[in-house]
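Participant: Structure, please.
(chains A and B)
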Amino acid sequence: MSDVAAAVVAPPADAPSAPAQVVAPDGVFLIHGLGGTQYDMGSMHKRLKNAGFVTHSLTLPGHGTQPEDLLNCKAEDWIDAVTAKYREIRDLHPRLHLMGMCMGSLLAAVVAQQEKHAKGNLVMLAPPVYIDGWATPWYRVLRPLLYAVPGIGRTMKVEEEDPFGIKNEQLRAIVKAKFERGENFHYRWVPLECIRQVDRLRAIVMKSAKDIRCQTLVVHAREDELTSLSSANFLVEQIGGARARMVVLEDSYHMVCVDNDREIVAKNVLEFLGAALPGATSALANDPRMTREELEVAVAAAFAALASGNFAGLRELAIPDMTWVQPGANAVSGAHAGKKFASFGSRITEGFATRFTAPGSPVFNRGVALMPATMIAEVATEAGNATLESQGALLFAFHGGKLLEARWFADDVELEDAFFGAPDPAASGPSPLETAFENAAALSKTLSKAPDNDSLLALYSLYKQAGSGDVTGDRPGALDMINRAKFDAWTARKGTSRDDAMKAYVELIAKLKSGEGTGKE
Amino acid sequence: MHQVIVIFIVAAAYLALSGLSAALAFSHADAWTVWLASGLTLGLLLARPRRAWPAILAGVFVGAGTFALLTGGKLEAIGYGAIEALTGAAGAWIASRMTGLPARLDRPRDLAALVFGGALPQALLGAFIAGGWNIAAGGAEGIATFRMWALSNMVGALLVAPLVIAWAQFRPKRSGGLAMPAFAGGAIVSVLFLLSMYLLFRAGPEQHLGGNVGRGLIYVPIVFMAVLALLWGLRGATLVAAIGTLIALFETKWGRGPFAGIVGYLGDPELEVQAYAAAIALTGILVAVLVAREHIATRLAREWQTRFEAAIGAHRLIAYEWDPASGRMVVSGDTAQLLGVAPGGIATLADWLALSVPDDRARVAERFEQRALSERALDTLAYGVHGPGGAPLAVSDEARPILDHDGALHRVVGIVRVANGAASRDESRL
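Facilitator: As a prediction, this is how the structure comes out:
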């Protein structure tokens, strides 16, 4: 899954005739652990994307299908796959960082050493140099004996068990439920032969760690149940204190990216990679990684979207978690981030026909632009149409070509409060429709029989439209038929309002459930 | 093909255990102290689903028949094989009705099912058939055969069946199995257990210490077995108990140990060592089962707690129980996230009042006083509390009284719903 497209900021029609600027962002190559998937990394992909990185990942040989497929995989296969991917993407970015989780961190270390990686940093999350965590069973020491017995390695299954690498009880219950449902986010077991290959990989890392030349961050939980802190200490000693540093987590087990300390992990990783954290404040304090010209083009594009009342269009210029801050104490005020921004945009355009006009000259400070503007909003009342003309200033915070945050500063907040009306008491919680939508989403998982393909595509497209708004991104290639069909189905919903999409979704789920009850399709 | 392999393996295991049992027999009296193969039959049947029973029973028939063929004729071989298969199936069927299949020794009920539903009927039925056969064939040892068969089968079942059931559940784990510290502790205790058995039955402490010291110390291994079961659980306890009792049986057969050569204490050395082996095995199993039951209860309680916390956390709820007599308050919910205070930081009503905003504090205190005097079914109050960072948050507090058997107030319990986003309102006013 490669997101190699560079961030392109296309100029709006009324923008200065500057050519499209291509920003070549840094890349991060993420490698999952044994038996795992990208789930191992939690929200790290999203965090990195929010911070302006392009992320790359791969599914290691034998993974993503069924555990039996690991039987014919050797450590060299994994190393070769990671090396090939590394060479493929190495020249796409000015800097390319390597990051791995558990066994993935060992693979990242091997590649860093063998490829003499110096184009970026190395992040090792919970590296299992030693298999000696507090919850590893006593018979782990018998592994070498069992390896010598023919047939055992291929037939013996080593299962995942409590605590599943997670200290947080709530998260652990979720992971346990996923295992019980048979969801394919992580293998329930791996063959003993596979553990043997990990042991071989460990031996390679032990031997070669001293030759790693790039800056390295080792993140390890003190209570890691699989591998003790000795592993992190070993790596830092071998790589050397001048190049390697360690972050010790105090409230997590092995799965550091999803457990209690995930925020600490994300913060340390982003800081180590020199990223700007989302938010205007940090953007002010960090290098925006944009030239003045690039920033001017980006601001013009953002304002063009607002000038046409196309709040959804603003999302195409932004990170997924972009935040819009609307002042006052009225029906639309508040900080609207991520999916909430889609809801806010829908409400403020459909309910109040809001747009911005009369842009003044922006003032730039690093990645932040402040420009005077006037907000125009209209609403039909019993006495006729009411119009709001509110003067103020727009603030845009950009980083790496992506909009992190937008704020509207109204000169007269009371004027806007009077126009938009009092806040809806229920606005702090989900609306009845949102509740019905969430319930329907939960109900969809209880369907005893999988719906037909058309229904599945309808469910997917309505869910995406309700949750994320109009389709974004590139259409998948012809060979990726499933994702292409999903993308097309979502595209067909373009323009459907969030409420309409939620209603249709709820109705479709109700129809499917009632069909089950009557024995119909 | 798979079935044939199962039959072969079961038959081979049966023969091996039969040979071991024969080696432990008191040959001078033609007395079988323990018949380990009966435990294998019962254990395998209980550890496997019913669809696997035909192959297991066929293996038992072949193994028992082959063993009988070595010492008798074809008729005896067929008869003996049939008895072993029949009695094993009968015992396993009764036990499975009580505990289900595959059996797990996690509860005292499971242990009772194994002993009284499985091992005892298996031993008595076999003893009845064997004793009757002896009498029908004109023999004069029907009663002796009945007793010997019943006891040796019973002891064999107690030693081997739990071992088979426990190890049939074994699955190698990446994490979550017996951790190294518990393993090391159990290893030390198991060495002490085996050493004490060796000293009692092989080294002869009475020879060094004089008198009946050996008999006086026979309780010592049982203590070690109990501790071992605490540390290692069922698998470790059954394995070490089997090894230890084999030492006792073997040494007693050769006239060594506290039970040898003293006729008349309980009857004879065979009977005494049988009872001792059964006591050791049952001690280990019982302690391990109780430990497993506690683990299950703890796990269920944690799962319940996790579900409860997830539910109230998702709704931004805090639950409290207030004792008006003492003023003590117990709070559940994610108070750290919602209010910036750990649950332990709210131990009294005064702590709770301190969280309320100054303007509302007197009103809240007054209402709690009324709650302590009132028996109103439901009392709802809205007020403000300080959230994380001191920002004010609106809460809705619903309280109900808990009355005792006389209808007097015992406790006040309540649910506090913390409004979402009230603090951000000021923040958003730019």
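
Participant: How far does the longest strand seen in chain B sit from its chain's centre?
Facilitator: Criterion DSSP state E: the longest strand present in chain B is strand B:392-403. Put simply, strand B:392-403 sits 43 Å off its chain's centre (C-alpha atoms, centre = their mean, to the nearest Å).

Participant: how about the helix or strand that it is followed by: buried residues?
Facilitator: For strand B:392-403, the following helix or strand on the C-terminal side (DSSP states H and E) is strand B:409-418. Residues of strand B:409-418 classed as buried under the neighbour-count rule (16 or more other C-beta atoms under 10 Å in any protein chain shown) are B:409, B:411-412, B:414-418. All C-beta atoms are positioned from the backbone trio N, CA, C, and that covers glycine.

Participant: Pull up the pairing partners for strand B:409-418, direction included.
Facilitator: strand B:317-322 (antiparallel), strand B:392-403 (antiparallel) (DSSP bridges).

Participant: Show me the shaky parts of chain B.
Facilitator: Applying pLDDT under 70 to chain B flags the ranges B:27-31, B:204-215, B:261-267, B:375-376, B:420-430.

Participant: and the residue most central in space within it, how far is that from chain A?
Facilitator: The centroid of chain B falls nearest to B:Val289 when counting by C-alpha atoms, centre = their mean (2.0 Å). Distance from B:Val289 to chain A, counting by C-beta to the nearest C-beta, to the nearest Å: 20 Å.

Participant: Contacts only, for the closest residue to A:Leu171 other than its chain neighbours.
Facilitator: Once flanking residues are discounted, A:Leu171 sits nearest to A:Val258: 6.2 Å by C-beta to C-beta, 6 or more residues apart in numbering or on different chains. By C-beta atoms under 8 Å, 6 or more residues apart in numbering or on different chains, the residues touching A:Val258 are A:39-40, A:42, A:166, A:171.

Participant: May I have the secondary structure class of A:Val258?
Facilitator: State at A:Val258, reduced to three classes by DSSP: H, G, I helix; E, B strand; the rest coil: coil.

Participant: Kindly provide the distance from it to A:Ser228.
Facilitator: Remark: distance between A:Val258 and A:Ser228 (C-beta to C-beta, to the nearest Å) = 20 Å.

Participant: before we move on, what about B:Asp106?
Facilitator: 31 Å.

Participant: These two: who's more crowded?
Facilitator: Between B:Asp106 and A:Ser228, counted using other C-beta atoms under 10 Å in any protein chain shown, the more crowded position is A:Ser228 (21 against 18).

Participant: what about the nearest residue in space to the more buried one that is not next to it in sequence, how many residues close to it?
Facilitator: Nearest residue to A:Ser228, sequence neighbours excluded (C-beta to C-beta, 6+ apart): A:Asp132, at 4.9 Å. If you count neighbours by other C-beta under 10 Å, A:Asp132 ends up with 17.

Participant: nearest residue to the residue nearest to the centre of chain B other than its sequence neighbours?
Facilitator: B:Val289 sits nearest to B:Leu111 (C-beta to C-beta, 6+ apart), 4.9 Å away.

Participant: In contact with that neighbour: list those residues for me.
Facilitator: Counting by C-beta under 8 Å, 6+ apart, B:Leu111 has contacts B:105, B:285-286, B:289.

Participant: Next, the buried residues of the strand or helix carrying A:Leu388.
Facilitator: Per DSSP H and E, A:Leu388 falls inside strand A:384-399. By neighbour count with 16+ other C-beta under 10 Å, strand A:384-399 contains the buried residues A:388, A:390, A:392-399.

Participant: what pairs with it, and is each one parallel or antiparallel?
Facilitator: strand A:368-381 (antiparallel), strand A:402-410 (antiparallel).

Participant: Start from the N-terminal end of the stretch 351-500 of chain A and give the helices.
Facilitator: Assignment of helices within the stretch 351-500 of chain A using DSSP state H, counting those that start in this stretch yields the ranges A:413-420, A:432-444, A:453-468, A:481-491, A:498-517.

Participant: swap that for the stretch 251-400 of chain B, sorry
Facilitator: Under the criterion DSSP H, counting those that start in this stretch, helices of the stretch 251-400 of chain B are mapped to B:269-314, B:335-339, B:349-355, B:358-373.

Participant: out of those, nearest to B:Gly156?
Facilitator: helix B:269-314 (9.3 Å; C-beta to C-beta).

Participant: how far does the closest one sit from the chain's center?
Facilitator: 3 Å.

Participant: same thing with stretch B:78-87?
Facilitator: So, by C-alpha atoms, centre = their mean, the centroid of stretch B:78-87 is 31 Å from its chain's centroid.

Participant: Looking at the strands paired with strand A:384-399, which one is packed in the most?
Facilitator: Most buried of the strands paired with strand A:384-399, by mean neighbour count (mean count of other C-beta atoms under 10 Å in any protein chain shown): strand A:402-410, with a mean of 23.

Participant: and it, average pLDDT?
Facilitator: Per-residue pLDDT values across strand A:402-410 average out to 87.

Participant: mind listing what B:Leu20 touches?
Facilitator: Here B:Leu20 is in contact with B:36, B:246 (C-beta under 8 Å, 6+ apart).

Participant: Against B:Ala275, how distant is it?
Facilitator: On the measure of C-beta to C-beta, B:Leu20 and B:Ala275 end up 20 Å apart.

Participant: Which residues does stretch A:61-79 contact?
Facilitator: Outside stretch A:61-79, the residues touching it (C-beta under 8 Å, 6+ apart) are A:32, A:35-37, A:60, A:81, A:103, A:107, A:110-111, A:114, A:154, A:157, A:184, A:187-191, A:193-194, A:197-198, A:200-201, A:204.

Participant: for chain A, what are the nearby residues on the stretch 51-200 of chain B?
Facilitator: Within the stretch 51-200 of chain B, the positions near chain A by C-beta under 8 Å from any C-beta of the partner chain are B:171-180, B:182-184.

Participant: Including secondary structure, distance to A:His97 and neighbour count, could these go into a markdown table?
Facilitator: Putting those into a markdown table (DSSP: H, G, I helix; E, B strand; the rest coil; distance: C-beta to C-beta, whole Å; neighbours: other C-beta atoms under 10 Å in any protein chain shown) gives the following:
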| residue | secondary structure | distance to A:His97 | neighbour count |
| --- | --- | --- | --- |
| B:Arg171 | coil | 38 | 11 |
| B:Pro172 | coil | 36 | 19 |
| B:Lys173 | strand | 34 | 20 |
| B:Arg174 | coil | 28 | 25 |
| B:Ser175 | coil | 29 | 26 |
| B:Gly176 | coil | 33 | 16 |
| B:Gly177 | coil | 36 | 20 |
| B:Leu178 | coil | 40 | 18 |
| B:Ala179 | strand | 35 | 17 |
| B:Met180 | helix | 36 | 18 |
| B:Ala182 | helix | 41 | 17 |
| B:Phe183 | helix | 40 | 18 |
| B:Ala184 | helix | 41 | 12 |
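
Participant: Would you mind writing the CA trace of the strand holding A:Leu388 as CSV?
Facilitator: Provided in CSV are the C-alpha atoms of strand A:384-399 (Å, rounded to 0.1, in the frame of the first residue of the first chain):
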residue,chain,number,x,y,z
GLY,A,384,-38.2,36.5,4.9
ASN,A,385,-34.6,35.8,4.2
ALA,A,386,-32.1,36.9,6.8
THR,A,387,-28.5,37.6,5.8
LEU,A,388,-25.4,37.8,7.9
GLU,A,389,-22.4,39.8,6.8
SER,A,390,-19.8,39.3,9.4
GLN,A,391,-16.3,40.8,9.1
GLY,A,392,-13.3,39.3,10.6
ALA,A,393,-10.2,37.3,9.7
LEU,A,394,-9.4,33.8,8.5
LEU,A,395,-6.3,32.0,9.8
PHE,A,396,-4.8,29.1,7.9
ALA,A,397,-2.0,26.9,9.3
PHE,A,398,-0.2,24.8,6.6
HIS,A,399,2.5,22.3,6.8
